[in-house]
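Chemist: Fold the following, please.
(one chain, ligands or ions: 1)
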Amino acid sequence: HMMSQLSGMQQKEKKLADFFEIERCIIVSGNSDEDPKVLVEFGETVTDALNTLLPKGENIIAVMGGTTMAGVADNMHSWASEQQNNIFVPARGGLGEAMNIQADSVSGMMAARTGGRSRPLYVPERVSKETYASLLQEPSVQEVLALIDRATCVIHSIGRAMYMAERRGMSEEELDMLAANGAVGESFGYFFDADGEIVYKIPRIGLQLKDLKKVPFVLAVTGGKSKSQAIQSYMKHAPCQTWLITDEGAAEEILKGK
Ligand code: BG6
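Modeler: Residues are numbered from 1 along each chain as shown. This next block holds a predicted model:
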């Protein structure tokens, strides 16, 4: 019988994929809360997954930022030459992250590591509504927004809500509102409560949660025991084609009692 032929880890991967109703789950060993080597494995796993999934030719790959994504980018390796026509773009405008973990930096790094190209999205964080509106008229910004719209692949991570809100310098008022609404997880600038309900959204341009459904390949890369609740809060929104790449720390905590 099929289950008995699978290794312990493969059984967990299948269980987790079934539980989240997604296409596939890959669990790497370790717990990224304590073990930075998990990021090396994430980088290799993402490279292999893209090599397997993406059709030959020019793919547009939209990526998010964060420390996990930056670690993935750092640990990606070069691709087969037929896979080197890919264009990496940031999936959304700036979300108030430090420079080295912004989506722009991550997409630039991924392109450099894999032999592809990247296009930055120059939309600063704190500008007036008027400036913002006129920036959106800029041809260079519109060009990248059009690329995001045609993305065939999205790679993103998932964070803990309150931690992410503070890291991004959200106001006291916003922090109070998130806490009052029970926000536990965050991805793409959307905040979710434990039931997966959206309780807040940072208004930024680029990819929106509802757009994910039409993207053929979606990789969610996130680990650490401390993120298990955050991961579950987002996963209710993950489209069924999602591949979740995570670690034992998160997977075991999520599967507890299931
Ligand atoms: C990003 C997501 O990729 O990673 C975020 O889009 C998420 O919205 C973040 O919160 C997590 O960051 P980190 O540093 O925990 O990897």
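Chemist: Every contact and neighbour count from this point should use C-alpha atoms.
Modeler: OK.
Chemist: Counting by contacts, list what the helix or strand where Leu219 lies packs against.
Modeler: Under the criterion of DSSP states H and E, Leu219 resides in strand 217-221. Counting contacts by 3 or more C-alpha pairs under 8 Å, 6 or more residues apart in numbering; DSSP states H and E, strand 217-221 packs against helix 37-53, strand 153-156, strand 242-247.
Chemist: now do 7 Å
Modeler: strand 153-156, strand 242-247 (3 or more C-alpha pairs under 7 Å, 6 or more residues apart in numbering; DSSP states H and E).
Chemist: Just tell me which of those ends up closest to the ligand.
Modeler: Distance to the ligand, taken as C-alpha to the nearest ligand atom, is lowest for strand 153-156 among the helices and strands packed on strand 217-221, at 4.2 Å.
Chemist: The closest one and the ligand in contact?
Modeler: Yes: counting by C-alpha under 6 Å from any ligand atom, the ligand has neighbours in strand 153-156: His156.
Chemist: starting at the chain centroid, how far to that strand?
Modeler: Counting by C-alpha atoms, centre = their mean, to the nearest Å, strand 153-156 is centred 6 Å from the centre of its parent chain.
Chemist: Could you do stretch 159-169 as well?
Modeler: The chain centre lies 15 Å from the centre of stretch 159-169; the measure is C-alpha atoms, centre = their mean.
Chemist: Can you give me the buried ones in it?
Modeler: Gly159, Arg160, Ala161, Met162, Met164, Ala165 (16 or more other C-alpha atoms under 10 Å).
Chemist: Of those, which ones also sit close to the ligand?
Modeler: When those are checked against the ligand using C-alpha under 6 Å from any ligand atom, the ones in range are Gly159, Met164.
Chemist: Which ones among the buried residues of stretch 159-169 map onto strands?
Modeler: For these, the ones inside strands are Gly159, Arg160, with DSSP state E as the criterion.
Chemist: Of the buried residues of stretch 159-169, which is the nearest to the ligand?
Modeler: In terms of C-alpha to the nearest ligand atom, no member of the buried residues of stretch 159-169 lies closer to the ligand than Gly159, at 3.3 Å.
Chemist: Which stretch among the helices and strands packed on strand 217-221 is buried most, on average?
Modeler: strand 242-247 (a mean of 25; mean count of other C-alpha atoms under 10 Å).
Chemist: That one near the ligand at all?
Modeler: No: using C-alpha under 6 Å from any ligand atom, strand 242-247 stays clear of the ligand, with a minimum separation of 11.7 Å.
Chemist: Within its sheet, name the partner strands of that strand and how each one runs.
Modeler: Strand 242-247 has the following sheet partners, assigned by DSSP bridges: strand 24-28 (parallel), strand 217-221 (parallel).
Chemist: what's the angle from the last one to helix 37-53?
Modeler: Strand 217-221 runs at 170 degrees relative to helix 37-53, counting by axes from the mean of the first three to the mean of the last three C-alpha atoms, to 10 degrees.
Chemist: what ranges do the strands span in the protein?
Modeler: Counting by DSSP E, the strands of the chain are 24-28, 60-63, 87-90, 117-118, 153-156, 159-160, 183-187, 190-193, 198-201, 217-221, 242-247.
Chemist: Export the helices and strands packed on strand 217-221 as TSV, with columns for distance to Ala180 and mean pLDDT.
Modeler: Output for those, formatted as TSV (distance: least, C-alpha to C-alpha, whole Å; pLDDT from 0 to 100):
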stretch	distance to Ala180	mean pLDDT
strand 153-156	26	98
strand 242-247	29	98
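Chemist: on that earlier part again, what's the closest of the strands paired with strand 242-247 to Asp195?
Modeler: With C-alpha to C-alpha as the criterion, Asp195 lies closest to strand 217-221 of these, at 18.9 Å.
Chemist: Need the residues that contact that closest one.
Modeler: The contact list for strand 217-221 (C-alpha atoms under 7 Å, 6 or more residues apart in numbering) reads Thr152, Cys153, Val154, Ile155, His156, Ser157, Gln241, Thr242, Trp243, Leu244, Ile245, Thr246.
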